[in-house]
Structure formats: C-alpha cells, structure tokens
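Colleague: can't give you the sequence, but here's the structure:
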C-alpha cells in the first residue's frame, strides 16, 4: 500500500478479517440520494456534487456510517471517462476521482470504517477487442488513483457483462488490492453473455475475486432467489446489495417497474424519478438482511435508492446497535398509540379515530 493509507481500518482489521468475524455492511446509493436532494442530475448521473459540494458528500458518508455502514465507499461511481465525456467534462476526471477519494478517506478515518475505492460498469463494453482495451484503460486510471489514496480495498460493481467484471477484477488484482466484484442482473437472470449468476461468480472467484455477488437492479424479492445458487457454487464470501424497491416476478428489475396509477411517468416508466410508490420500508430491508445472512451471505448493503434508514434497519436486523439506534422508534411513548403507564388514559380513545 502507499504511505497514504493501508489495508486495514482503524480497528486494525482488513475487510477479509472483518468478514471472518461477521457481516460487513456497505451503504451504496449515493447517486439516487443526491438526485433526490437536488444536487445531481438524473439521466447523466455524473457525481459532479463531489466537486461542487464536497461538504455534502462528506456528510452523507457520515450519515451512512452513523446508521451502521462499515464501509466508506468513495463516490466515484460513474466518475469515469465515458460519463464525463457525455457532459463535456473529461478534463475534470482526475480531480473528481481524487476529491472523492480524499473525502471518503477523511470520513473513514473519523468513523473507523473501511475505506473503499470504486469502479463500475462503463456502458461501452461490447465484447470486442476495442472495447476491451477501452474499459481496461478506464479502470486502470481509476484504480491507480484509488491505490495512491491508500484504499483498504476496491469495489467493482454493477456489471451486466461478466467479461467486463473480469477485466475490472484483473486490473484491481494487478494493483495488489482486495477485490469485491458484484454483478447486475436485469430482467433475464443471466449476464449479457448468457452466464448464470452462479457461473459468473464462480468465474470471478476462480480469477481471484475476494468477494463476489450481486448489486443493484433487483429489489430484495427478486434478488434473493439468485443468491442461493451463488452461495452453493462459490467457496468464498458472497455479497448482496439490492435496490430498495418492490420488484416482483413480472417486473424483476427496477427499470421494468410500471405504475398503473401514473402511466404518464417520464419515458413511460417510473425509473428513475417516479419510483417513490415502490420503495421498500425499513422492515422489508431488515427481513432481507436476516434471510440473506441465514443463507450465508456476509457482505451486505443496499444500492440505488438507499437511505440511512435502510442501512440502520439492516444493521439492527443483524444484531448491531449503530449510533443511530439511540433513536430507534419506541412507539410505547407515542401520545395516542403508546402503552407507557404515564400516558393519560383518555388519550387512548383517540386511537379509534386515527
């Protein structure tokens, strides 16, 4: 590792050591959260907020850590050359990546969290030699900056092409880093090449990935059925980071969701700016965490659409008491719905009309 960082968090344990001890929670979803807050444009989805409002990025890192995230993931998702080219700002590529890494490293040091670098789907991979070279070059520059920043490990995420994930993995391992690689499975339960999720994860594990699994695209209900086969097929650690939306068998991805109450959603579909009615509550995320943990999944999180309440619910479902648990709901003290003996009994009558 560089002099700027190391492979262990403030508690002295690496990612793999933490996973051997118990579950690790990684909060994702920064793109959607900043879009909701009015600091990032849906469509382009370029994390310009890293440069324009670094204080807000640091604060969201802190909020996720407060809620129970063990990982402070640099907000470099979609901070790659192709995305910046689309908005005419390639000249900001290095500055954006280095700034995001600096912010995450600072908060990781504050909170004792693991400091993670991040690379993701490039949207230009097509399986030919030219695209292979192109994406490798994009990964190499981003991973290079992450290594210089002293990350504890690197996440490669949201790959719908298994081969693109393998290229990302190779770049990460060539840089001497621990690698978490997660695939994005759309409506068809295969990668773009036609590999099953378990086959793709087995290939990634055989190529040296330290953690393999799935993230994004599918909600808890439609991600869960894919995890069992992965857990049976691979020997190492498995990751699961669904989106917090109520996908189902007929609409297994959040892009495929349709809202009959609002058929005129932009583009004819709720994704990405009219998904509110489909949002999972914190109890659904807690149920997912318990079920995935019982299945043998140890690297857990929530992806696009996640709020701190989802991360807190996941942490508490796994038996944790993060700082946010100080404020966990206690309805026994509610003026009208509560059961505390000190409450006025006549208030209970209002329950009938609530």
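Modeller: On my side now, so go ahead. None of these values were measured; they are calculated from a predicted model. Residues are numbered from 1 along each chain as shown.
Colleague: can we go C-alpha only for contacts and neighbour counts from here?
Modeller: Fine.
Colleague: neighbours around the residue nearest to residue 271 when sequence neighbours are not counted, how many?
Modeller: Using CA to CA, 6 or more residues apart in numbering and skipping the chain neighbours, the partner closest in space to residue 271 is residue 255 (5.3 Å). Applying other CA atoms under 10 Å, we find 17 other residues in the vicinity of residue 255.
Colleague: for residue 193, same thing?
Modeller: 13.
Colleague: check contacts around it.
Modeller: Residue 193 makes contact with 161-162 under the criterion CA atoms under 8 Å, 6 or more residues apart in numbering.
Colleague: and if we set it to 10 Å?
Modeller: With contacts defined as CA atoms under 10 Å, 6 or more residues apart in numbering, the neighbours of residue 193 are 126-127, 160-163, 200.
Colleague: give the ChimeraX command for selecting the buried subset of these.
Modeller: Selection of buried members from these for ChimeraX, criterion 16 or more other CA atoms under 10 Å:
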select :160,161,162,163,200
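Colleague: still on that earlier bit, hang on, the residue nearest to residue 271 in a strand?
Modeller: No - Residue 255: not assigned to a strand; according to DSSP: H, G, I helix; E, B strand; the rest coil it is coil.
Colleague: distance of it from residue 301?
Modeller: As defined by CA to CA, to the nearest Å, residue 255 lies at a distance of 20 Å from residue 301.
Colleague: where's residue 213, which helix or strand?
Modeller: Residue 213 is located in strand 211-215, with elements delineated by DSSP states H and E.
Colleague: run me through the strand neighbours of that strand, direction for each.
Modeller: Using DSSP bridges, strand 211-215 pairs in its sheet with strand 179-183 (parallel), strand 237-241 (parallel).
Colleague: quick check: pLDDT value at residue 257.
Modeller: The predicted local confidence for residue 257 comes out at a pLDDT of 97.
Colleague: other SSEs contacting whatever helix or strand residue 60 lives in?
Modeller: Secondary-structure assignment from DSSP H and E places residue 60 in helix 54-67. Taking 3 or more CA pairs under 10 Å, 6 or more residues apart in numbering; DSSP states H and E as contact, the helices and strands that helix 54-67 lies on are strand 24-27, helix 30-37, helix 49-52, strand 71-73, helix 93-111, helix 308-317.
Colleague: tell me the most buried of those?
Modeller: Between the helices and strands packed on helix 54-67, the one whose residues have the most neighbours on average, counting mean count of other CA atoms under 10 Å, is strand 71-73 (a mean of 29).
Colleague: and the helix or strand just after that strand, what's buried?
Modeller: Helices and strands here follow DSSP H and E; after strand 71-73, the next one along the chain is helix 81-86. By neighbour count on 16+ other CA under 10 Å, the buried set for helix 81-86 is 81-84.
Colleague: what's the spacing between helix 81-86 and its chain's center?
Modeller: 21 Å (CA atoms, centre = their mean, to the nearest Å).
Colleague: heads up, I number from 18, so please use that
Modeller: Noted, 18 is the first residue going forward, which turns the last one into helix 98-103.
Colleague: check which helices and strands that helix sits against.
Modeller: Partner elements for helix 98-103 (3+ CA pairs under 10 Å, 6+ apart): helix 110-128, helix 146-166.
Colleague: and stretch 37-47, how far apart are its ends?
Modeller: Across stretch 37-47, the terminal residues are separated by 27 Å (CA to CA).
Colleague: ok now it, how far from the chain's centre?
Modeller: Offset of stretch 37-47 from its chain centre (CA atoms, centre = their mean): 9 Å.
Colleague: what mean pLDDT does that stretch have?
Modeller: Within the predicted structure, the mean pLDDT of stretch 37-47 is 97.
Colleague: helix or strand with the lowest mean pLDDT in this structure?
Modeller: helix 98-103 (a mean of 94; mean pLDDT, DSSP states H and E).
Colleague: residue 41 touches residue 319, doesn't it?
Modeller: No - taking contacts as CA atoms under 10 Å, residue 41 lies outside contact range of residue 319: 12.0 Å.
Colleague: quick check, pLDDT for the closest residue to residue 261 other than its chain neighbours.
Modeller: When the adjacent residues along the chain are set aside, residue 261 lies closest to residue 297, with 5.1 Å between them (CA to CA, 6+ apart). According to the model's per-residue confidence, residue 297 sits at a pLDDT of 98.
Colleague: residue 297: what's it in contact with?
Modeller: Residue 297 makes contact with 236-237, 260-264, 322-323, 327 under the criterion CA under 10 Å, 6+ apart.
Colleague: how about TSV for those, with secondary structure added?
Modeller: Formatted as TSV, the contacts of residue 297 follow (three-state DSSP):
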residue	secondary structure
236	coil
237	helix
260	coil
261	coil
262	strand
263	coil
264	coil
322	coil
323	coil
327	helix
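Colleague: give me the buried entries from those residues.
Modeller: If you count burial by 16+ other CA under 10 Å, the buried members of the contacts of residue 297 come out as 236-237, 260-264, 322-323, 327.
Colleague: reformat the contacts of residue 210 as CSV; add distance to residue 289, secondary structure and pLDDT.
Modeller: CSV is the format used below for those (distance: CA to CA, whole Å; DSSP: H, G, I helix; E, B strand; the rest coil; pLDDT from 0 to 100):
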residue, distance to residue 289, secondary structure, pLDDT
143, 24, coil, 96
144, 27, coil, 95
177, 18, coil, 98
178, 22, coil, 98
179, 24, helix, 98
180, 27, helix, 98
217, 27, helix, 98
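Colleague: and of the contacts of residue 210, the nearest to residue 227?
Modeller: Ranked by distance to residue 227 (CA to CA), the contacts of residue 210 are led by residue 217 at 14.0 Å.
Colleague: list the contacts of the residue nearest to the closest one when sequence neighbours are not counted.
Modeller: Nearest non-adjacent residue to residue 217, counting by CA to CA, 6+ apart: residue 179, 6.0 Å away. In this structure, residue 179 makes contact with 144, 185, 199-201, 207-214, 216-218, 220-221, judged by CA under 10 Å, 6+ apart.
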